[in-house]
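K.L.:
Build me a model:
(chains A, B, C and D)
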Amino acid sequence: MTVHFRSTTLLGGIALAASLIAAPAIGQEAYRIGALNPVTGAGNTYGSGMQKSIIAAAAEVNAAGGAAGRKLEVLAEDGQTSAEPAVLAAKKLIEVNKVNAILGTWSSSVSLAIQPMTLASNIILMHTSSAPTLFTQNQRNLDWGFQSGSKYNGRAMAAAVKKEGFTKPAIMSFNNDAAINNVGFFRKAWEAAGGKIVAALTYEPKRTSYRSELQKVLAAKPDVIALSGYLPDTTIILREAYELGATAKFIIPDWAAGPALLKALGPDVSQGVLVYGTVPNIAGAAFKTYSAAYKKALNTSGEENVFGAQAYDMVISLALAIEKAGASADNVAIAKEIRAVSNPDGEKVTSFAEGKAALKAGKKINYEGASGPLDFDEDGNAVADFALFTYDKGQYVKRYLLQ
Amino acid sequence: MLPYLVTIAIMIGIYGLLTLGLNLQYGYTGLINFGHVAFFAIGAYTSALISLAGYPIALGMAAGTVLAFLAAYPLGLLCLRLRADYLAIVTLSFSEIIRTVLISEEWLTEGTQGLPGIPKPFSSLSQGNADLAYLALVATAMLVAILLMWRLSHSPFGRLIRAVRDDEDAVRAVGKDPAQLKIKTLMLGAALAGLAGAFYAHYVGYISPDQFLPLVTFYAWIALIMGGAGTITGAIVGSSLLLFILEGSRFLRDVVPFVSEVQMASLRLAVIGLGLVLFMLYRPQGLIPDRSQS
Amino acid sequence: MTLELRNISKRLGGMLVLDGLSFSAGLDELTGIIGPNGAGKSTLFAVISGFQGGDTGSTRFDGETLDGLRPEQRVGKGLARTFQVPRPFTHLTVRENLAVGAQDQAGEKLVDLFVRPWRVRAQDKAIFERADATIDFLGLGPVAHKPAGQISGGQRKLLELGRALMSEPRYILLDEPFAGVNPVLIEQISERIVEAKARGVGFLIVEHDLSALSRLVSRLLVMDRGRLIADGAPGQVLDDRTVQEAYMGGVVS
Amino acid sequence: MTEYINLVIAGTVQGLVIALAALAISLSFAVARFPNAATGDTMTVGAYVAVLVQAATAGSLLAGSIAAIIVTTLVSVACYFLVFKKLERRPLVASLIASIGIAFFLRSMLTFFLGFEQHVFQIPISRALNFSGIRIIPIDLWLSGIAILVLAATFVLLFLTPLGRRMRAVAADMDLARASGIRSGRVMIALWAISGVLSAVAGIMVGIKTVVTPDLGWDLLLPAFAAAILGGIGSPGGAVLAAILLGVAQEVSTPFVGFTYKIALSFVALIAVLIVRPAGLFGQPERVR
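P.N.:
Purely as a prediction, here's the structure:
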């Protein structure tokens, strides 16, 4: 069977190089990956980067001779961060392109909508969504969450708030599933430790001002506000809080922060805003490979896209699992190996080639990914390390790791 | 390929039902309803909630249709008092109110979290066959809707609808109440939208408030305008064309590699936008013209 | 058996268009109304037929009050009207136009349409038979299957009359049935009115064509500036000095 | 008490921002006789041009604004010549649908060339003036000042100049205006140009208050429509007043209805008012035949 790269994968030099290597492939049937990412819609900040990371990682795997001799073929689609187009796109990927796995669905609504389809077709789904139901419906372990779910976000937030010595936190949350769950788990963790939340509020996006929302929360005189939202609303809220003279600090997730926030707010307003997020293993080899590929494809730093690193890791862990399961393994058998190649008590590996060699040598491996150590919990959700960052004099600086 | 086409066909059927409903309201009666998605949402949520509570799917679908039918009544009362252009905005507002309710009333709708795991009919069949059976069901519903529309338009009721569209005051002068007629067509159109919503919920399997943005209403309008208002076939041709534009771009991108995914999304919207303008300018009657209006 | 108006007033844009108008007309008679332009004749029709509410006064039809009834409800009581400028349903054929005029159609009700289709079919057949009879009666045979938007002005006048007749009214308010109609057709319309009257339908007719009108009606009312200034047999009224002054002073039509 | 005063201030500022958009919509409503759904995306175009030109000219907001006004005026007039003029004699829904098409098209062009990333105006951010708890944000003062200035200029134009008189004549009755020698073509161009200018200013104000994204104007369309209709068609003053009333009502209602339902409040208010007054708060009822 001839393996060909689809035109979409030709974007970017890496892919081109990879296709040259891929051309003389022999023997095994290609393993087809659907990259279903939020290229447009609310997730557009990350979608393109995720897609290109997937393509780059697949090229890396193919350059190392494929997974168990199988070339990876990537078919890219735009899920539009919306359930209905995503369902149609997934249908196309599954039925027309006959993909074996769908990688990189971002929002919970998209993952929830396509999960029944992937489960019914025995297709592996790797996502960055946090809805709890995603994990409860995952009886056959075909689905893997690469973004530390709301539970971990909430705990990390609580740990940071405690460590910073705050005693009167308030909550502000964007009205969607992910954001509400994040602050919900924060509240749970905080209250379990005997703390008290002084005010909580869910706001609607797309307002021209959040002044009355802020007024309500500030009236409770919090010393810190746990704000769970996205970049545009976070920008406006932080600016207005500053203008209103709020003294409370803010703690926000990293997907609503980054250089774009700094650029929008400037050094004065951003000063002291706390950011929590999973730490990619920046010093690690996997991150360096990912970062270089990301830079090449998008001309910006891979550090700006937490989901890019996760998408990259999806491909590598999937490929390692295929490698371990063998060329003739079906998806259920492959999925079973995901945990085996990623979780502790194996030799630490940081790239596909390294892992492949170790597996060939008959060793147990533990893939340490670009996005984190990639240790999956009992639900199939990757547990990452969190760190606290802050803006200081116009610089984004890492403060310390969170436990 | 076939299962994908089946999915597309199902979506065409769902949008077709939605558009047929709008056709009855606008194409036949001239009501400018820009809140169609409200009834779609009511149908979807009602059916989903009832079947998630363990009742039969058929009961859910029937309830969704009936509730959408009834929900149109108060809106219908408003229609009678308002100018056409006001009505457009009021109905649009109505659909946003409904969406806000879906977001806020978490005890019922689970809010922004949405409703996952909505049961699919024919789950005992294999996935491919279940989809085929579903398509047959949607097609049957479509056929029934078409027959119903045909019966309506070729009846004294249809005659009266056309009379109302020509001259409301003259209708009143012969002792008929145009208001009652408008309410009825609004309710019937809403019922079709509700049924479409029910089909949608059970097919997609997951619904949340942000699937019921005004964009859905606009899609129905686009299908209606492109297909041709006032004709039964127009609604189906229009919704097929709509899906063709929305889905075709996926395949187009395989052929045009230099356009990025982001740009493709923009182009999709551009094609729809430009298409609407050009249709209005050069072919306002749509692809399938309504012969009685020429 | 009268149409009775008591103290009807109506102000439009600061102008008192109807000024305490009162009269009563027999339901089995032909009554004409004349008056210069702006006398308030069309407004009077609009008030009687319910298209506009009067500011004061009341209207009784065969002893029953019409006040508060919507136009369509008044038709149900047996009071039909036509429009000064004919308003046919232009996309419907002449035959269909007439069919719309028939009252209490089962086929216009959704439940009956689907639950009792046979009844709808039988009734619609009867309605079209009546429509065809009306077409014969009015001599509209040659255009029966044409869309009403394509027939001549005179034919539209006939169609208006026919559509009103289809509702089987006891009384019809005719607004300028002869305006813009050729003499032959005027004669024809007059004959039809007389024949309809013979079948028991009364008419209140607003008309500018005094000669045609005075040959037709048994009683003539004259309006000027929202008031009634004369009332009586046509010959007698037209000789009245106040009437002549009103016409001379106003715009002569 | 302070709480409510602050809410009123917040609502007034939001209302003023929407007021310009509502005024632009109300004007075209009155003269061109259809609700122009492209107004929102014209605003977005204005905001983008301004923010990009500002970035290119080392922070000159004035240069950005002028460029934005020129571009949106051209866009607006072009829409009239290429589309709406040709649909003048057709049912209003034709123009309405076409305006939705234009809205989609404008937005798709923005995202095609500029992507979806947010842009931000370079405006110094300063602390609010605090009058014993009543807080006034300086930038809000500026924005309000500009909004009032633009509104005043529009009113002067409409009610004190010959052009305004002609516009109002055309709005009242196009055929009558034509019959009395008013060149309605020129009036229409003026209308669309004014609507373009207003859109640009509205877009820039929203952009300064928030962030510039492709959905900026589209998201404001419905509130602006609500204000325009609530105010009554052909009543520009009514549109402005209604926008501010809605803004204030929305914010003051939050202690009672919460932060989600406050958004639906303006729609509920709209429907409630129309039930009582089908022509809007300040609109003239249409004469019935």
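K.L.:
what's the burial count for C:Ala99?
P.N.:
Each residue near C:Ala99 was counted by other CB atoms under 10 Å in any protein chain shown, and the total is 25. Where C-beta positions appear, they are placed from N, C-alpha and C, glycine not excepted.
K.L.:
list the contacts for it?
P.N.:
Contact partners of C:Ala99, counting by CB atoms under 8 Å, 6 or more residues apart in numbering or on different chains, are B:156, B:159, C:124, C:127-128, C:131, C:166.
K.L.:
Could you report the separation of B:Leu78 from D:Leu157?
P.N.:
Distance from B:Leu78 to D:Leu157, counting by CB to CB, to the nearest Å: 35 Å.
K.L.:
the more surrounded of these two?
P.N.:
The residue with more neighbours, out of B:Leu78 and D:Leu157, is B:Leu78; 19 against 14, by other CB under 10 Å.
K.L.:
what's the nearest residue to the residue in the stretch 1-150 of chain A that chain D sits nearest to if we skip its chain neighbours?
P.N.:
Among the residues of the stretch 1-150 of chain A, A:Asn44 lies closest to chain D, at 4.2 Å counting by CB to the nearest CB. Distances taken as CB to CB, 6 or more residues apart in numbering or on different chains place D:Phe116 nearest to A:Asn44, at 4.2 Å, with adjacent residues excluded.
K.L.:
what's near enough to touch that neighbour?
P.N.:
Each residue near D:Phe116 by CB under 8 Å, 6+ apart is listed here: A:40, A:44-45, B:262, D:213-214.
K.L.:
Could you double-check that D:Leu158 sits in contact with D:Met167?
P.N.:
Yes: taking contacts as CB atoms under 8 Å, D:Leu158 lies within contact range of D:Met167: 6.5 Å.
K.L.:
ok, the two, which is more surrounded?
P.N.:
Using other CB under 10 Å as the criterion, D:Leu158 and D:Met167 rank with D:Met167 on top: 25 against 20.
K.L.:
Which pLDDT value goes with the closest residue to the more buried one other than its chain neighbours?
P.N.:
Among residues not flanking D:Met167 along the chain, D:Val187 sits closest, at 5.4 Å (CB to CB, 6+ apart). With respect to pLDDT, D:Val187 has a value of 87.
K.L.:
Pretty sure D:Val187 sits in a strand.
P.N.:
No: counting by DSSP: H, G, I helix; E, B strand; the rest coil, D:Val187 falls outside a strand, being helix.
K.L.:
was I right about it contacting D:Val31?
P.N.:
Yes: between D:Val187 and D:Val31 there is a contact under CB under 8 Å: 7.3 Å.
K.L.:
joint contacts of those two?
P.N.:
By the contact definition CB under 8 Å, 6+ apart, D:Val187 and D:Val31 are jointly contacted by D:167, D:170.
K.L.:
quick one: the helices in chain A?
P.N.:
Counting by DSSP state H, chain A has helices at residues A:13-22, A:44-63, A:83-91, A:108-120, A:132-136, A:150-163, A:177-192, A:211-218, A:231-243, A:259-270, A:285-298, A:306-325, A:331-342, A:352-360.
K.L.:
Count the neighbours of A:Val349 for me.
P.N.:
Using other CB under 10 Å, A:Val349 has 24 other residues around it.
K.L.:
Now do the same contact list for it.
P.N.:
Counting by CB under 8 Å, 6+ apart, A:Val349 has contacts A:320, A:355, A:358, A:365-368.
K.L.:
Tabulate the residues you listed in JSON lines, adding columns for neighbour count, pLDDT and distance to B:Phe69.
P.N.:
Shown next, in JSON lines, are the contacts of A:Val349 (neighbours: other CB atoms under 10 Å in any protein chain shown; pLDDT from 0 to 100; distance: CB to CB, whole Å):
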{"residue": "A:Leu320", "neighbour count": "29", "pLDDT": "96", "distance to B:Phe69": "55"}
{"residue": "A:Gly355", "neighbour count": "30", "pLDDT": "94", "distance to B:Phe69": "60"}
{"residue": "A:Ala358", "neighbour count": "21", "pLDDT": "94", "distance to B:Phe69": "65"}
{"residue": "A:Ile365", "neighbour count": "23", "pLDDT": "94", "distance to B:Phe69": "61"}
{"residue": "A:Asn366", "neighbour count": "20", "pLDDT": "93", "distance to B:Phe69": "59"}
{"residue": "A:Tyr367", "neighbour count": "27", "pLDDT": "93", "distance to B:Phe69": "56"}
{"residue": "A:Glu368", "neighbour count": "22", "pLDDT": "90", "distance to B:Phe69": "59"}
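K.L.:
Count the neighbours of B:Pro257 for me.
P.N.:
13.
K.L.:
measure it to chain C for me?
P.N.:
Distance of B:Pro257 to chain C, given as CB to the nearest CB, to the nearest Å: 51 Å.
K.L.:
backbone phi and psi for that residue, please?
P.N.:
Per-residue torsions, B:Pro257: phi -70, psi -20 (degrees, to the nearest 10).
K.L.:
How much space separates it from B:Met264?
P.N.:
From B:Pro257 over to B:Met264 the distance is 11 Å, taken as CB to CB.
K.L.:
how about low-confidence regions in chain C?
P.N.:
Across chain C, the ranges flagged by pLDDT under 70 are C:248-253.
K.L.:
Just the local confidence number for residue 63, please.
P.N.:
In the absence of a named chain, this looks at chain A. Per-residue pLDDT puts A:Ala63 at 94.
K.L.:
That was the other one, I meant chain D.
P.N.:
So, for D:Ala63, pLDDT stands at 95.
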